[in-house]
Structure formats: structure tokens, C-alpha cells
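>>> Coordinates for the following, if possible.
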Amino acid sequence: MIQLLAFYLFAFVVCASGAMTILSRNPVHSVLWLILAFFNAAGLMVLANAEFIAMLLVIVYVGAVAVLFLFVVMMLNIDFAELRAGVMRYAAVGVALAVALVAEILIAVGAYSAGALQLGRRVAPVDAKVPNIEAIGQLLYSRYLFVFEGAGLVLLVAMIGAIVLTLRPRTDVKPQKISRQVQRRAKDATRNVNHPVGQGVEL
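Next comes the predicted model:
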């Protein structure tokens, strides 16, 4: 019973947090809602006995991606003085969310102790002796190898696009021209001059 309750609780909070991520006008609030959605998605993975994926959601997405999003949003031109003006007005809401998050963590621990969630016959059976990481690796690098490689290419394109969009040409520095450096000959790089004694070098 506690497993079913925890499943519906985490699923509802994930859907609500995802909707609030899109509907929030404040970008900082959107990132915070996204972090809450990741935490509840990790709770769903714990219910399914997928501890490895749950830890990936918490460590990679919450600890790296979402925090990086938050830093990028914080670098935008946002009037934080106006945002801080209503902090005390939403203090009760913040405390309520914190209490709800702690309650969800306690429910997840209790549900995990009760055993795995029965998802039906459509789930492929996995030997209990095989660890989760090994089972994911066998499936990921055999059946879904091309999908995995495609996801890597999509992330690579996204990274290149982010670099291109944020790259700004600078006029205060002298750019490096590799083609001219490669085409330069040795006799053009040095010049032998026989200077008379007592005279300086002309630049």
C-alpha cells in the first residue's frame, strides 16, 4: 500500500513540477521547480529498484545540470531587488515545500524497505544476481547502442550550438591566424643583419 501511495505522490509532484517549470515567469523559480522534478523522478526510480538511475538523477542532473542552469540564469539581467521584496510573503510556502520534500524522502525510504514495485509482466526479467549497473550496461551497449551514440551526437551538437551562440568577436585582442603560421617559410621568419660595432639594432 505504501508503495502505491509513494508512486502516485512522486508521479503527481513530477507532473506538477514540470508544469510549473514551464509556467513560471521567474527563471530562477523555473530552475528550482526543475530541481524538485528531478528529485521526485529519482524517487520513482528508487521505487522501481533502479538505484543507479536514481543516483544519476540526483548527482548529474540536480548536482550539475540544474545548478549550471541556475548559474546561467543568475547571470542574466534580473532585478533581484524586486524579487527579494516578496521573500517574507512566500516564506510559508517555502517552509511547506521543505516539509513536503522531507516527508517524501521518508516515504521513499519506507517504500524502498518494503520491496520492489510490481509493474506487471511487460517488464523483462533480470537475474537478481546481476547488479543494476551491469544490467544497464549490457542493455545499453548491445540493444540500444545506436540510440546511445545518437544521444551523444545530439549533446555534441547542442554544445557546439551553445558555443557558437555565446561566442563574441573581440576587437581588443590580436587573433591567431593558423593558416599564415603554417605557410610561413623559414627564411621569412629570421633575418641576418651585420650591424657595425657601437650601433644599436633597428626595429
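>>> Need the single longest helix in this structure, by residues.
Across the chain, the longest stretch assigned as helix under DSSP state H is helix 91-114.
>>> Residue 36: what's it in contact with?
13, 17, 97, 101 (C-beta atoms under 8 Å, 6 or more residues apart in numbering). All C-beta spots, glycine's among them, are computed from the backbone N, C-alpha and C.
>>> what about the first one, neighbour count?
It refers to residue 13. 20 (other C-beta atoms under 10 Å).
>>> thinking again about what came up before, can you redo the contacts of residue 36 as TSV with distance to residue 193 and pLDDT?
Listed next are the contacts of residue 36 as TSV, based on distance: C-beta to C-beta, whole Å; pLDDT from 0 to 100:
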residue	distance to residue 193	pLDDT
13	78	89
17	73	89
97	76	83
101	76	81
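>>> right, and the helix or strand after the longest helix of the chain?
Using DSSP states H and E, the next helix or strand after helix 91-114 towards the C-terminus is helix 132-140.
>>> Show me how the record splits this protein into domains.
1-78+94-119, 129-167 (automatic domain parsing).
>>> Among these, show the one with the smallest mean pLDDT.
Sorting these by mean pLDDT places domain 1-78+94-119 lowest, at a mean of 79.
>>> Centre of the chain to it, how far?
14 Å (C-alpha atoms, centre = their mean, to the nearest Å).
>>> Now, of the contacts of residue 36, which are buried?
By neighbour count, with 16 or more other C-beta atoms under 10 Å, these hold 13, 17 as buried.
>>> if we can go back for a sec, so can I have CSV of the domains of the chain showing distance to residue 182?
What follows is these, written out as CSV (distance: least, C-beta to C-beta, whole Å):
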stretch, distance to residue 182
domain 1-78+94-119, 37
domain 129-167, 23
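>>> right, and those - which one's nearest residue 194?
domain 129-167 (47.5 Å; C-beta to C-beta).
>>> Check which residues of the closest one are buried.
132, 136.
>>> just stretch 30-48 next, same as before
Using 16+ other C-beta under 10 Å as the test for burial, stretch 30-48 gives 30-47.
>>> Among the residues you listed, which ones are in helices?
Filtering the buried residues of stretch 30-48 for helices - DSSP H - leaves 30-47.
>>> Touching the longest helix of the chain from outside, list them.
With C-beta under 8 Å, 6+ apart, helix 91-114 has contacts from 2-3, 5-7, 9-10, 13, 36, 39-40, 43, 46-47, 117.
>>> Thank you kindly, that will do.
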